[in-house]
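Trainee: sharing a sequence plus its predicted fold:
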Amino acid sequence: MSDMKSGRPGNRVRLEDVAKLAGVSMKTVSNVVHDYPHVSATTRERVQAAIDQLGYRPNLTARTLATGRTGMLALAIPEIDQPYFADLARHIGEEATRRGYRIIVEQTLKDLEAERAVIRDREEGLVDGVIFQPVRIDTMEIARLRPDTPLVLLGEGARPLTADHVMIDNVAAARDGMDLLLRQGRRRIGFLGMVRRDPTQSTHLRLLGYQESLLAADAISDPALVVETDWFGVDDGITALRAALDAGARFDALFCRDDLFAMAALRVLDRAGLRVPDDVAVLGWDDTALARYSTPALSSISPDKAAIARTTLDLLEDRMAGFDGVGRHRTVAHAIAERDTTAVSG
């Protein structure tokens, strides 16, 4: 095998080139490429060595014609540079790779037409299944445009009975986070932030859990403690919280919609001379890298992203294998990653 040059300059490496180098039939090479189980370990190793040496890449069109599958999945998320979605995309990508798929990631930027395009089978024929976190499109429209390509929905947005759906219980997670703060004796707990013109359901569900916990604990429920922001960025959170402090709002804890707003809170509180957690405890949401590496390290509500990925791929593979039943709704676990910003001294 060492006598053959690697690849064929100027030409695409063919299946028959791999077969010749490995000393096997083209059918055997195809079986290895498609991971069929009835190939001996010795033969598989020899074929894989030839593939590696020649740099062979299976022809996608030929594979699709032979198997009816592309081996590709689409992941449509609102923003690829938002820390939570970046984390989620990594977990889904890793899980897909373990199962033999490749992932195409696209961002919809919370645009309604872009979301409609995902549902309208824009990827039909290119991918075997679609994982999609909708924001603006409504339930009825998803049901009406139900694609032929297998689909699993993520998040707290539209979820028709016809579609599979994976999420965490945002209200319950918010209550758990609030209970942590309330057990520490915090009573003036602010919510950062209530995003104006927010197209998502996440903020409203988290705010609901926050409010339910205050009522149940007979803690202070003051509208001035709910800090409104113009949008989702760190700068939006900084501007809004600074304005609230300047207007006289006082907190002994801040329950933040996500880790980005928690970063904003840490910056504003530090500039205001308020110590975290002694003067004001801070709790984020999403448990992203921002939480783990901030100073002080941020406590954060932690969705089980690995479980979201596994559950999503389980449902999608069922659909790809022919399951055509009603939509299945799966709620994945959450936890609270307690770090320095909610630590109790003493």
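Mentor: Received the coordinates, thanks. Computed from a predicted structure; not experimentally measured.

Trainee: quick one: neighbours of Leu15, just the number.
Mentor: Leu15 has 17 neighbours, counted by other CB atoms under 10 Å. The way it works is simple: take the backbone N, C-alpha and C, and place the C-beta from them, glycine included.

Trainee: surely it meets Asn31?
Mentor: No: at 11.3 Å, Leu15 does not count as touching Asn31 under the criterion of CB atoms under 8 Å.

Trainee: tell me which residue lies nearest the centroid of this protein.
Mentor: With distances taken as CA atoms, centre = their mean, the residue of the chain nearest its centroid is Leu88 (2.7 Å).

Trainee: so it versus Ala163, what's the distance?
Mentor: 18 Å (CB to CB, to the nearest Å).

Trainee: ditto for Asp304
Mentor: To Ala163, Asp304 is 21 Å away according to CB to CB.

Trainee: go on, Gly209?
Mentor: Separation of Gly209 from Ala163 (CB to CB) stands at 25 Å.

Trainee: and for Val33?
Mentor: Distance check for Val33 against Ala163: by CB to CB, it reads 33 Å.

Trainee: skipping its backbone neighbours, what lies nearest Gln107 in space?
Mentor: Closest residue to Gln107 apart from its sequence neighbours, by CB to CB, 6 or more residues apart in numbering: Ile80 at 4.8 Å.

Trainee: count the residues that sit near the one you found.
Mentor: Here the number of neighbours of Ile80 (other CB under 10 Å) works out to 13.

Trainee: contacting residues around it?
Mentor: Ile80 makes contacts with 86, 89, 105, 107, as judged by CB atoms under 8 Å, 6 or more residues apart in numbering.

Trainee: among those residues, the buried ones, what's the ChimeraX command?
Mentor: Buried members of the contacts of Ile80, defined by 16 or more other CB atoms under 10 Å, are picked up in ChimeraX with:
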select :89,105,107
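
Trainee: strands - which of the contacts of Ile80 land there?
Mentor: Residues of these located in strands (DSSP state E): 105, 107.

Trainee: as TSV, the contacts of Ile80 with distance to Glu115 and pLDDT would be great.
Mentor: Output for these, formatted as TSV (distance: CB to CB, whole Å; pLDDT from 0 to 100):
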residue	distance to Glu115	pLDDT
Ala86	19	96
Ala89	17	97
Val105	15	94
Gln107	11	94
